[in-house]
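A.B. asks: mind looking at a prediction? Sequence and model below.
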Amino acid sequence: MGTVNPLGHSVSETWNAVRAGKNGISEITLYDTADFKVKLAAEVKNLNIEDYIDRREIRRMDRFCQFGMIAAEQAYKDSGLSEGSVNPEDMAVVVGAGVGGIATLENETLRLKERGSSRVSPMMVPMIIADILGGNIAIKHGAKGECHCIVTACATGTDCIGKASRLIRGGEATVVISGSAEAAITPVAMAGFTNMKALSVSTDKNRASIPFDKERDGFVMGEGAAILVLEEYEHAKARGAKIYAEIVGYGATCDAYHITSPAPEGRGAARAMKKALNDAGLSPKDISYINAHGTGTPPNDELETIAVKSVFGEHAGSIPMSSTKSMTGHMLGAAGSTEAIICIKALENGFIPPTINYKVPDEGLDLDYVPGEGRKQALSYALSNSLGFGGHNSSLIIKKTD
């Protein structure tokens with residue numbers, strides 16, 4: 001596993017921050033916010049890209065791709081894979097981004113306007129397309145199997161991992177480098193999200209990303225990347241790989257209802273969770289922890305709560321369900337893969353991450369949101385939800401290794 005995000009530049013840094021309930025949100029530094037209503041975001045901080053990527057390559061990559069390449073390098077090293085340990089034609093890549101290289105597109109648009117068409121970078125197109133991260137990862141690590149880019153908005157990371165697991169189950173790959181990246185803290189992107197009333201306009205970093213809280217008013221934009229190496233179980237055992245966890249269930253649905261609003265009663269999200277449970281051969285009482293999509297927008301948190309109640313019935317109130325977006329902000333396409341890593345570390349360590357800064361309960365939102373501080377608890381199965389614009393709903397179930 002590998003990650004760079006608002007909480008840290010590695011899995012260990014990230015997990016230590018999650019355990020401590022660290023807030024990764026602060027004032028925006030990537031552009032001047034003087035004319036913007038939103039002043040806060042969850043930026044990747046103090047990351048010297050040149051420590052990880054050659055300077056020449058940096059100039060040929062958008063920020064989202066840089067994040068993804070760093071996370072992929074960490075994950076590949078962590079996997080212990082080396083030349084000859086897997087047939088390159090049996091190694092696939094499934095990575096995505098919800099937005100892609102929007103910073104590059106903005107910058108080159110300004111260059112076109114100010115300096116003319118001949119000054120637009122010849123690298124613009126390969127820098128902005130979302131699938132370029134997968135291509136770069138495949139080139140770097142010699143993966144000659146299938147190479148896919150999934151773009152399902154905020155469900156991207158979860159879908160990438162779910163589809164990767166299906167490639168392995170179906171015998172199409174032995175190893176899959178999977179995950180997602182995002183870097184959309186840019187003037188145009190932030191203005192668009194602000195004007196559609198999706199972002200919190202709070203100037204208090206401790207009352208901005210507050211999922212399930214009655215005073216929530218939108219999400220806080222985050223950025224970063226998370227990459228996992230998935231491997232067929234017997235192949236991993238045979239080469240003595242460290243196995244963190246097992247992907248045992250995946251479910252995906254579409255609301256077919258509205259471009260931004262969830263379906264009434266969270267029906268699409270509920271069906272995704274049910275499909276994941278069926279895929280894993282589990283019953284609702286088997287789930288030990290739910291990592292909620294939990295964006296902090298009024299409709300999402302209400303409808304996700306309703307959906308969880310409809311799926312888990314009498315067990316819903318006894319299953320801890322937290323939103324780690326309270327710490328990382330909403331990393332859009334990179335959210336699901338980052339939260340999958342957090343779930344894996346939660347299973348490994350027997351620790352439930354908190355929903356920080358939750359203070360004011362909301363009527364009807366009465367599940368165990370793990371407010372304020374995390375807690376020690378033995379865990380067997382974690383379920384992670386990701387719900388995206390366009391009506392995309394995805395759920396992943398991860399099992400603690402024996």
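C.D. replies: Structure received. Numbering: from 1, shown residues only.
A.B. asks: surely L230 forms part of a strand?
C.D. replies: Yes. Assessed with DSSP: H, G, I helix; E, B strand; the rest coil, L230 lies in a strand.
A.B. asks: residue contacts, it?
C.D. replies: Residues near L230 by CB atoms under 8 Å, 6 or more residues apart in numbering: I161, A164, S165, I168, V175, V176, I177, S178, I247. The way it works is simple: take the backbone N, C-alpha and C, and place the C-beta from them, glycine included.
A.B. asks: just K237 next, same as before
C.D. replies: Contacts of K237 (CB under 8 Å, 6+ apart): I243.
A.B. asks: helix or strand: which one has it?
C.D. replies: According to DSSP states H and E, K237 maps onto helix 233-238.
A.B. asks: and the contacts of L230, which is closest to S384?
C.D. replies: Lowest distance from S384 to these (CB to CB) belongs to I161, with 9.0 Å.
A.B. asks: wouldn't that closest one be in contact with I168 here?
C.D. replies: No. Between I161 and I168 there is no contact, the gap being 11.0 Å when judged by CB atoms under 8 Å.
A.B. asks: low-confidence ranges in the stretch 51-200 of the chain?
C.D. replies: Within the stretch 51-200 of the chain, not a single segment meets pLDDT under 70.
A.B. asks: can you map out the helices along the stretch 151-300 of the chain?
C.D. replies: 156-169, 187-195, 233-238, 267-280, 298-312 (DSSP state H, counting those that start in this stretch).
A.B. asks: buried sites along the third one?
C.D. replies: Using 16 or more other CB atoms under 10 Å as the test for burial, helix 233-238 gives A236.
A.B. asks: average pLDDT across it?
C.D. replies: Across helix 233-238, pLDDT averages out at 97.
A.B. asks: so how far is it off the chain centroid?
C.D. replies: Here helix 233-238 shows a centroid-to-chain-centroid distance of 26 Å under the convention CA atoms, centre = their mean, to the nearest Å.
A.B. asks: hang on, the earlier thing: out of the contacts of L230, who's the most crowded?
C.D. replies: Neighbour tally across the contacts of L230 (other CB atoms under 10 Å): the maximum, 34 neighbours, falls on S178.
A.B. asks: if that one is in a bridge, with which residues?
C.D. replies: Assessed by DSSP bridges, S178 has beta-bridge partners V94, L228.
A.B. asks: residue contacts, it?
C.D. replies: S178 makes contact with V93, V94, V95, C160, I161, K163, A164, I227, L228, V229, L230, S337, according to CB under 8 Å, 6+ apart.
A.B. asks: for the contacts of L230, give me TSV that also has distance to F64.
C.D. replies: Putting the contacts of L230 into TSV (distance: CB to CB, whole Å) gives the following:
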residue	distance to F64
I161	18
A164	19
S165	23
I168	26
V175	23
V176	20
I177	16
S178	16
I247	24
